[in-house]
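>>> I would like the atomic coordinates for the input below:
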Amino acid sequence: MSTPLVTYRLQLNSELGFAAAAVLAPYLRRLGVTHVYTSPILKARPGSMHGYDIVAHDALNPELGNSAELDAVLIAEDRHE
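As a prediction, this is how the structure comes out:
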């Protein structure tokens, strides 16, 4: 576990999901970002632009992507360590 030095927040929604976040990871790393935090990733009401209106605490929001796409984000973030 590393100490966050520079954090960046991503507002995930149907327009910026897990796959897009994975693409952004190298760019953010070049900017010096060491850690990313996001809006909620659990299943929210359909069309939610912020994710805080969670309707299922046991499922990923399908509008953001699937578990494999989330794993790609985590792997992209881990590459800098």
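>>> contacts and neighbour counts: CA atoms only from here.
Fine.
>>> so who does residue 21 touch?
When the contact criterion is C-alpha atoms under 8 Å, 6 or more residues apart in numbering, the partners of residue 21 are 10, 73.
>>> Pull up the gap between residue 20 and residue 58, please.
Counting by C-alpha to C-alpha, to the nearest Å, the separation of residue 20 from residue 58 is 23 Å.
>>> and what of residue 21?
Between residue 21 and residue 58 the computed distance is 22 Å (C-alpha to C-alpha).
>>> measure the nearest residue to residue 12 once chain neighbours are set aside to residue 49 for me?
If you skip the residues right next to it in sequence, residue 12 has residue 39 as its closest partner in space, 5.8 Å away by C-alpha to C-alpha, 6 or more residues apart in numbering. Residue 39 sits 10 Å away from residue 49 when distances are taken as C-alpha to C-alpha.
>>> about what we covered before: which pLDDT value goes with the residue nearest to residue 12?
Confidence at residue 39, expressed as pLDDT, is 95.
>>> burial of it, as a residue count?
Residue 39 has 14 neighbours, counted by other C-alpha atoms under 10 Å.
>>> Check the gap between it and residue 20 for me.
Residue 39 sits 14 Å away from residue 20 when distances are taken as C-alpha to C-alpha.
>>> average pLDDT for stretch 45-55?
Taken as a whole, stretch 45-55 has an average pLDDT of 94.
>>> Buried residues, stretch 23-40. List them.
The neighbour-count check on stretch 23-40 (16 or more other C-alpha atoms under 10 Å) flags 25, 26, 28, 29, 33, 34, 35, 36, 40 as buried.
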